[in-house]
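> Give me the fold of what follows.
(chains A, B, C, D, E and F)
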4 protein chains.
Amino acid sequence: MKADERKKLILEYAKRLFSRKGYYNTQIADIVNEAKIARGTVYQYFKNKDDLFITLIKEFYNDWEQNISLEMNKIDLKTISPHDYFYFRVKNTLDFLSNDPDLCNIVLRMGIGLSGELESSIKRFEKKIHNLIVSDLEFGMRNKHVRADLNVEMASNLITGALLRTALYDFGAKKKKKDQAEIDSMAREIVGIFGPAIFTKK
Amino acid sequence: MKADERKKLILEYAKRLFSRKGYYNTQIADIVNEAKIARGTVYQYFKNKDDLFITLIKEFYNDWEQNISLEMNKIDLKTISPHDYFYFRVKNTLDFLSNDPDLCNIVLRMGIGLSGELESSIKRFEKKIHNLIVSDLEFGMRNKHVRADLNVEMASNLITGALLRTALYDFGAKKKKKDQAEIDSMAREIVGIFGPAIFTKK
Amino acid sequence: MKADERKKLILEYAKRLFSRKGYYNTQIADIVNEAKIARGTVYQYFKNKDDLFITLIKEFYNDWEQNISLEMNKIDLKTISPHDYFYFRVKNTLDFLSNDPDLCNIVLRMGIGLSGELESSIKRFEKKIHNLIVSDLEFGMRNKHVRADLNVEMASNLITGALLRTALYDFGAKKKKKDQAEIDSMAREIVGIFGPAIFTKK
Amino acid sequence: MKADERKKLILEYAKRLFSRKGYYNTQIADIVNEAKIARGTVYQYFKNKDDLFITLIKEFYNDWEQNISLEMNKIDLKTISPHDYFYFRVKNTLDFLSNDPDLCNIVLRMGIGLSGELESSIKRFEKKIHNLIVSDLEFGMRNKHVRADLNVEMASNLITGALLRTALYDFGAKKKKKDQAEIDSMAREIVGIFGPAIFTKK
DNA sequence: GATGAATGAGTCTTCATTCAT
DNA sequence: CATGAATGAAGACTCATTCAT
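Just a heads-up that it's a prediction; the model follows:
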């Protein structure tokens, strides 16, 4: 097997195990047993267990950043309505997260209990979402689409928390993959809940 | 020192360490060093490390349940307005969580990565909040205060996520304790955000 | 067993094994088997294998330094003849080294092949001997007892090499402990060999 | 590349690494990285790591034996003075050792810490020098050039130790290669130191 | 009850060696 | 012959738990 495939394979098994059992309860032995490879093979591709975990998270993060850029090209910021924009953003996030329940589990639930770099590699996600929402809200405010008296920081926190929990609850824990229609309706509900409080009356 | 005090002391130090470093990165050695007691003493009061952790969480959970009962006695469900009731509930939750940043950290962030009973001991919290909100919403619906077309399950998830994240963000991570006025205004903001989407128009 | 005794015990067994098999061929398992203690016990007293080794060497070095000071108090530098002084120094060194064949083996033979701190902890010995001889020779030169044309650096190297090899050959490798008379005659031979070339003719 | 050249290449890199880092701290990985060859290639030419090391030492040993024979043909044992003969021998040894600082390092410093055959492959050198000196001294004794009361075994040990240490000190550790004049003067000093004690007065 | 020395099962990690391509 | 991915035995180290004092 080529080096690249083997590395991907290991990441795949590691992801599943980390997601189900957590970082500290997943042993290298578990991973190599599941993947049916030798113990040492893991260390040919990853410096150590930490490195394996962080690689996993970083790849997911990069995928996500790329996904955001791609999606943003699909809309015209000049003409889209605030409501549609909000919906679009929420839907994209849910779409992306719904694709990988294991990583969802890892990223959304493993907070404390990881030391040092491990923890911070995970926190980037939440910060990213939070910051995106903050900047979106500030942009909307400048254009008078978002209410001027909104506490941006807090609203963003609330939306982040709501979004992540929904994602975890609906994508991470459960097995069955949601279809487009379901995600669509989820996004609609979320917009329906936060919209009235955020947007200026037309 | 009396047995009871000593047990409390151990829990105190354990809580702080678990909160800052997580379950797996906190060693019994750390706890006894900080508490300046002997290694074996911990095992006089707790069956094992798991027991110590679970005791911690259970105490917090019981405190919380008790707190809810107490608070519920302070209001008259017959006369209170839906809006005030929502505010009251949100405020109580924030009040309670703000009192113990360490436990906030533990309960709100340690998700995956704990095995078996440890994990479920923590998940009770989230379920509890979620269920409270669900029952509140359903109650409001029966009384026509809450919009009939609301997706209760999802709304509850959103509110739970928003609430927990705000609590973690404002109580868990930061050092300075919030005062009543601050918590009050937080509760108001939350109600302000979720209210418009939840309640029927008067 | 008291902590101090246990630590000493471990050092004792480690010394014997390091001496016979070398650093890399001595496993912690060997040490604990010989000492009939548990694997973890070693780590209660020493940070790691390196630490165990370095502690061993440092103790030996300190013993030696102390021994030198003590011995130097026994003679009167003002009245002793150069020849007797040389003999005295050589004899002291041999005396000291002959007391601990295992450490002799370790210190005199393990040169390269140890990394970093391990290696330098050993090299201190040779440097110490070399420097002592250099300063002795320079002292003798100032008093016209040592020939003015002597290449001090080189002579010191030769004497160091000769001394260490003899010590290793006679103390390190063989089992039977030398008695005082034997060491005495060794010292006399060494002085007899180097004396004629070093001292000024009387 | 021809098989022979490749084998030489591997030995070359191995020598440098063994010399600088020792046997146990030199990995096959280091060697193949430096030599820019594949991991498996080493095993095409050497049975295993031990074999690689021992081959290295044996080659050096054979070179040395050959060198001794060659040099011995250059003098006339019948006419040469004892003093000149001693000088000649010392100089040859220093000459030879000064040519390969890496092997000097390996042979002169790696004593203990190598197991079994590795260690004995190295010890042959010291024994060889020691035996040469012993037989030279005995030869001189028979011819009344060497003092009859000399302790041959001990004198030989002293000279061996002195010689090897000087070689290590001057050739092994330092970078700059000594020129002939320097080695010449070293040899003269050594003879000057040991000569007076060894030879009979003329 | 309190102590802290001792235990040893459990893990990660290394690295010489093999072997299919 | 050369390659380098794969192997797995071996070894260092951790840490919750026990128990004699």
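> Run through chain A and note the low-pLDDT ranges.
Under the criterion of pLDDT under 70, the regions of chain A flagged as low confidence span A:82-83, A:97-98, A:101, A:104-125, A:172-177, A:202.
> Which stretches in it count as strands?
Along chain A, no segments are classed as strands by DSSP state E.
> Residues of it that sit close to DNA strand E?
If contacts are counted using CB under 7 Å from any atom of the strand, the residues of chain A sitting beside DNA strand E are A:26-29, A:39-40, A:43-44, A:47-50. (Glycine included, C-beta is placed from N, CA and C.)
> What's the ChimeraX line that selects buried ones from those residues?
In ChimeraX, a selection of the buried entries from the residues of chain A next to DNA strand E looks like this (16 or more other CB atoms under 10 Å in any protein chain shown):
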select /A:26,28,49,50
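> Check the residues of chain A next to DNA strand E and tell me the two furthest apart.
Across the residues of chain A next to DNA strand E, the two members that end up farthest from each other (CB to CB) are A:T26 and A:Q44, 18.9 Å apart.
> Which residue does chain A have closest to chain C?
Using CB to the nearest CB, the closest approach of chain A to chain C is made by A:N48 at 17.6 Å.
> and that residue, what are its phi and psi?
Main-chain torsions, A:N48, degrees, to the nearest 10: phi -160, psi -170.
> Show me the domain layout of chain A.
Here the domain parsing of chain A from automatic domain parsing is A:1-46, A:53-198.
> could I get these as JSON lines with distance to chain B?
Formatted as JSON lines, the entries for the domains of chain A read as follows, by distance: least, CB to the nearest CB, whole Å:
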{"stretch": "domain A:1-46", "distance to chain B": "3"}
{"stretch": "domain A:53-198", "distance to chain B": "3"}
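> closest one to D:A14 among the ones you listed?
If you check each of these against D:A14 by CB to CB, domain A:1-46 wins as the nearest, at 22.8 Å.
> Now do the helices in chain A.
Applying DSSP state H to chain A gives helices spanning A:3-21, A:28-35, A:39-45, A:49-72, A:82-98, A:101-109, A:117-142, A:152-167, A:180-198.
> neighbouring contacts of the shortest one?
If you take CB atoms under 8 Å, 6 or more residues apart in numbering or on different chains as the criterion, helix A:39-45 is touched by A:3, A:6-7, A:10, A:28-29, A:31-32, A:52.
> near DNA strand F at all, it?
Yes. Using CB under 7 Å from any atom of the strand as the criterion, contacts between helix A:39-45 and DNA strand F involve A:39-41, A:43-44.
> Closest one to C:L137 out of the residues you listed, please.
For C:L137, the closest of the residues of helix A:39-45 next to DNA strand F turns out to be A:Y43, at 54.2 Å, with distances computed as CB to CB.
> so how far is A:I31 from that closest one?
Between A:Y43 and A:I31 the computed distance is 11 Å (CB to CB, to the nearest Å).
> Kindly report the same for A:F53.
In this view, A:F53 and A:I31 are 11 Å apart by CB to CB.
> tell me, what's touching the two both at once?
The contact sets of A:F53 and A:I31 overlap at A:A14 (CB under 8 Å, 6+ apart).
> list the contacts for A:F88?
Contacts for A:F88 were tallied using CB under 8 Å, 6+ apart; they are A:71, A:75, A:80.
> in terms of contact, does the first one touch A:N92 like I think?
Yes. Using CB atoms under 8 Å, A:E71 makes contact with A:N92 at a distance of 4.8 Å.
> Those two: which is more packed in?
Counting neighbours by other CB atoms under 10 Å in any protein chain shown for A:E71 and for A:N92 shows that A:N92 has the greater number, 20 against 16.
> Wait, that one touches A:W64, no?
No. A:N92 sits out of contact with A:W64 when judged by CB under 8 Å, with a separation of 9.9 Å.
> what's the spacing between the closest residue to DNA strand F within chain A and C:T200?
Ranking the residues of chain A by distance to DNA strand F (CB to the nearest atom of the strand) places A:G40 first, at 1.5 Å. Using CB to CB, we find A:G40 at a distance of 67 Å from C:T200.
> Ok, A:L168 next?
With distances defined as CB to CB, the gap from A:L168 to C:T200 amounts to 91 Å.
> Give me the more crowded residue out of these two.
Higher neighbour count among A:L168 and C:T200: A:L168, with 23 against 14, using other CB under 10 Å.
> which residues does A:I28 contact?
Counting by CB under 8 Å, 6+ apart, A:I28 touches A:39, A:42, A:49.
> near DNA strand F, which residues of chain A show up?
Residues of chain A found near DNA strand F, taking CB under 7 Å from any atom of the strand as the criterion, are A:1-3, A:6, A:37-41, A:43-44.
> switch to 10 Å and redo it
Residues of chain A lying close to DNA strand F by CB under 10 Å from any atom of the strand are A:1-7, A:9-10, A:24, A:28-29, A:32, A:35-45, A:115.
> Can you flag the buried ones in the residues you listed?
Listed as buried from these are A:6-7, A:9-10, A:24, A:28, A:32, A:35, A:37, A:41-42, A:45; burial here means 16+ other CB under 10 Å.
> Report the separation between the nearest residue to A:D184 once chain neighbours are set aside and A:M186.
If the residues on either side of it in the chain are set aside, A:D184 comes closest to A:K91, at 6.7 Å by CB to CB, 6 or more residues apart in numbering or on different chains. Here A:K91 is placed at a distance of 8 Å from A:M186 (CB to CB).
> One more: A:M154?
Distance check for A:M154 against A:M186: by CB to CB, it reads 23 Å.
> Could you do A:T79 as well?
A:T79 is 25 Å from A:M186, by CB to CB.
> and if you look at A:V42?
37 Å.
> Ok, A:F18 next?
Plainly put, A:F18 is 26 Å away from A:M186 if you go by CB to CB.
> Neighbour count for the two, which is higher?
When A:F18 and A:M186 are compared for neighbours, A:F18 comes out ahead with 27 against 23, by other CB under 10 Å.
> Now do the contacts for that one.
With contacts defined as CB under 8 Å, 6+ apart, A:F18 is in contact with A:26, A:53, A:56, A:102, A:106.
> Pretty sure the second one sits against A:A14.
Yes. Judged on CB under 8 Å, A:F53 makes contact with A:A14 at a distance of 7.4 Å.
> Distance check, the residue nearest to A:W64 when sequence neighbours are not counted against A:I37.
The spatial neighbour of A:W64 that comes closest, neighbours along the chain excluded (CB to CB, 6+ apart), is A:F96 at 6.0 Å. As judged by CB to CB, A:F96 and A:I37 stand 30 Å apart.
> for A:M1, same thing?
For A:M1, the distance to A:I37 (CB to CB) stands at 9 Å.
> and if you look at A:D51?
Distance, A:D51 to A:I37, using CB to CB: 17 Å.
> from the middle of its chain, how far away would stretch A:132-143 be?
20 Å (CA atoms, centre = their mean, to the nearest Å).
> what's the answer for stretch A:183-190, then?
The answer for stretch A:183-190 is 17 Å, by CA atoms, centre = their mean.
> can you list contacts of it?
Under the contact criterion CB under 8 Å, 6+ apart, stretch A:183-190 has outside partners A:87, A:90-91, A:94-95, A:98, A:162-163, A:166, A:170, A:178, B:151, B:154-155, B:158.
> just the buried members of those?
Among these, those scoring as buried are A:87, A:90-91, A:94-95, A:98, A:162-163, A:166, A:170, A:178, B:151, B:154-155, B:158 (criterion: 16+ other CB under 10 Å).
> Quick check: of these, which lies closest to C:F139?
In terms of CB to CB, no member of these lies closer to C:F139 than A:L163, at 82.2 Å.
> what's the neighbour count on the closest residue to the closest one other than its chain neighbours?
In this structure, A:L163 finds its nearest non-sequential neighbour in A:T93, 6.2 Å apart by CB to CB, 6+ apart. The local packing of A:T93 (other CB under 10 Å) involves 25 other residues.
> Then the one 10 residues further on?
Using other CB under 10 Å, A:L103 has 24 neighbouring residues.
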